[in-house]
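>>> Attaching a predicted model along with its sequence, questions to come.
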Amino acid sequence: MHIHFIAIGGAAMHNLAIAVSKKQGYTVTGSDDEIFDPARAHLINAGLLPAEPGWFPDKITADIDAIILGMHAREDNPELVRARELGIRIYSFPEYLYEQTKQKTRIVVGGSHGKTTTTAMILYAMQKAGIEADYMVGAQIAGFDNMVRLSDTAQFAVFEGDEYLTSPLDRRSKFHLYHPHVAILTGIAWDHINVFPTFPEYVDTFRKFVSLIEPGGRFIYFDGDENLCRIASEARSDLHLLPYNTPEHEVCNGITYIGKQRTPLAVFGKHNLQNMHAAQLACEAVGINENDFYRYLNDFTGASNRLEKIAEKGDSVAYKDFAHSPSKLKATVNAVREQYPRKRLIACMELHTFSSLMADFLPQYKDCMAQADTAFVYFNPKVIEHKHLTPITAEEVQQAFGTKNVTVFTDSEQLQKALSQQDYTNTALLMMTSGTFDGIDIKQFAGKLLV
C-alpha cells in the first residue's frame, strides 16, 4: 500500500508517517513547503524526508492508495487538487487513526489543558503492566520510540484528543472523529479564539465530544470545572460517569507522596495529581488496579516539555514547560510555587500562539503569574504581523496580566539580558513557551544562568 502525506512536517503528521512506514508492505511518501527540527531529524532517520521542499502535483499518481492531509496544507494545495481530480481516498490524520483502530477499545483524553500529560501517564502505566496499545500522544515520552504507534496486535488505542480543526476539508474538531469507549475531559478554558470566537461555542465542541462516546462508555471528568459538571448532567443515561479531583497526597521535603501506600512521585503540582487521578480511572478500564497504577507511575517524570527539569545547581532549579494558554500558565506557575514555597520563583513566558496574541483574548491572562516573585512576558511584534493580527503593545500586555511583578519584553536579547542579571540563589526558574523565545536554546541558557 502506498500512502502519501501532504504536509508531512507537522508534529502529529510526521510521527504518523513514521508509524505507518513501519507496517510491513506500506510505502510512505510525503511533501511540505517547510520542515523544521525535530520533525526534520526524525524524518531523516526514518528515510522519509522529502528530497526538496514544496508541492509537486506531478507526483500524485493513480497508484497512490490514500492521501493523509495535514492541517498546514490549504484547500487549494496543488497536490490536494490533483488527488481530488484522480479520486484518491483522502484522510485527515484523526480520520486515519480511527480507521486503523475502529475494532479496538479506544481511550481518548481531551481538555484545554493536561491532555498530553494524562495520555502519557496512561501509556506509561500500560507499558509497565505489559498491556500493548496503539497510541497518539502530543509529546515524547521516556521509553517510547515515537509519538504514534499502530499495530495489528494491540486491543487498545490511547489517543490525545485535540479540539482544534481536523483538516482544510473537514471543519470538525479532531477528537470528534475518535468515538471513544473511555473519554476523559480535564477542563475547559477558552482557547483557539480564531476557531471558536465565543466561549459558548468552545464549550459546545466538548459537549459534542461527549455525545460521541460509544454506547455504555465511560466519561471521566474533572468535577472542579462547572462546565464539565453541566455537560455530565446532560450526558446520555447509558454512560458511566466518573468524576475526579485532586487525590489525597502530601508534600514532604520537596517530594510528593500519593495514595494509601504513600507512593513517592517524580512529578508534582495539583494539576499533575489531578491528571494522574484521571489516568488512574482510565487504567481501571484496562485492568490496572489503583495500587499498581501509582506504583507504576512513581518514576514517571512527565512528557517532554511538561514541567521538565532542565537544570539544577546547588539550591536552584530550572524547569521548562509548554504552558502558553492562561489556564496552563496559571496551573504551572502555581505548581512550582507549591512545590518550592521557600524559593524565589522567576517565571518567564512567551506569547506565541494565535489566541495569545489577540488583543481581545489578552484579558484572560489576568493574575496568571501572580504567584511568581518576578515574572517576564515576551512577544515578538513580527509574529503578530506574520499572523495578520491587530498590533498589541507592551503596555496592553502588562495591563492584561494585571500584577506589578510582570515586565514585558518585545526584544529577545533584552529579555536574555534581564534574565542574566537576576540572582539565582535559592531560586526556581520557570521557562514557558510553545516556541523558543526567538531562537533561545532554553536548556543550555538555563544551565548557564544557574552556574
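Received the coordinates, thanks. Numbers count the residues shown, from 1 in each chain.

>>> Please look at Y294 and R262 and confirm they touch.
No - Y294 lies out of contact with R262 (CB atoms under 8 Å); the separation is 9.4 Å. All C-beta spots, glycine's among them, are computed from the backbone N, C-alpha and C.

>>> Compare the two (neighbour count), which wins?
Y294 (22 against 12; other CB atoms under 10 Å).

>>> And that one, how close does it get to Q339?
Distance of Y294 to Q339, computed by CB to CB, to the nearest Å: 18 Å.

>>> try T153
Counting by CB to CB - T153 and Q339 are separated by 40 Å.

>>> Those two: which has the busier surroundings?
Neighbours were counted for T153 and for Q339 using other CB under 10 Å; Q339 has more, 21 against 6.

>>> got the contact list for the residue lying closest to Y96 once chain neighbours are set aside?
Leaving aside its chain neighbours, Y96 sits nearest to I68 (5.4 Å; criterion: CB to CB, 6 or more residues apart in numbering). For I68, the contacting residues are 3-6, 13, 16-17, 20, 90-93, 96, by CB atoms under 8 Å, 6 or more residues apart in numbering.

>>> Please enumerate the helices of this protein.
Counting by DSSP state H, the chain has helices at residues 11-21, 39-45, 78-86, 93-101, 115-128, 199-211, 226-234, 270-284, 290-296, 326-339, 381-386, 394-401, 412-420, 442-449.

>>> Buried residues, the shortest one. List them.
By that I understand helix 381-386. 383-384 (16 or more other CB atoms under 10 Å).

>>> Quick one: distance of it to the chain centre.
Here helix 381-386 shows a centroid-to-chain-centroid distance of 24 Å under the convention CA atoms, centre = their mean, to the nearest Å.

>>> before we move on, what about the fourth one?
From the chain centre to the centre of helix 93-101 is a distance of 19 Å (CA atoms, centre = their mean).

>>> Send me that helix as PDB with only the CA atoms.
Output in PDB follows, covering the C-alpha atoms of helix 93-101 (Å, rounded to 0.1, in the frame of the first residue of the first chain):
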ATOM      1  CA  PHE A  93      -4.800  12.100  10.400                       C
ATOM      2  CA  PRO A  94      -7.500  11.700  13.100                       C
ATOM      3  CA  GLU A  95      -9.800  10.000  10.500                       C
ATOM      4  CA  TYR A  96      -7.000   7.600   9.500                       C
ATOM      5  CA  LEU A  97      -6.200   6.800  13.200                       C
ATOM      6  CA  TYR A  98      -9.900   5.900  13.700                       C
ATOM      7  CA  GLU A  99     -10.000   3.700  10.600                       C
ATOM      8  CA  GLN A 100      -6.900   1.800  11.800                       C
ATOM      9  CA  THR A 101      -8.400   1.300  15.400                       C
END
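
>>> how far off helix 11-21 does it point, in degrees?
30 degrees (axes from the mean of the first three to the mean of the last three CA atoms, to 10 degrees).

>>> For helix 93-101, name the packing helices and strands.
helix 11-21, strand 66-69, strand 133-136, strand 156-160, strand 165-167 (3 or more CB pairs under 8 Å, 6 or more residues apart in numbering; DSSP states H and E).
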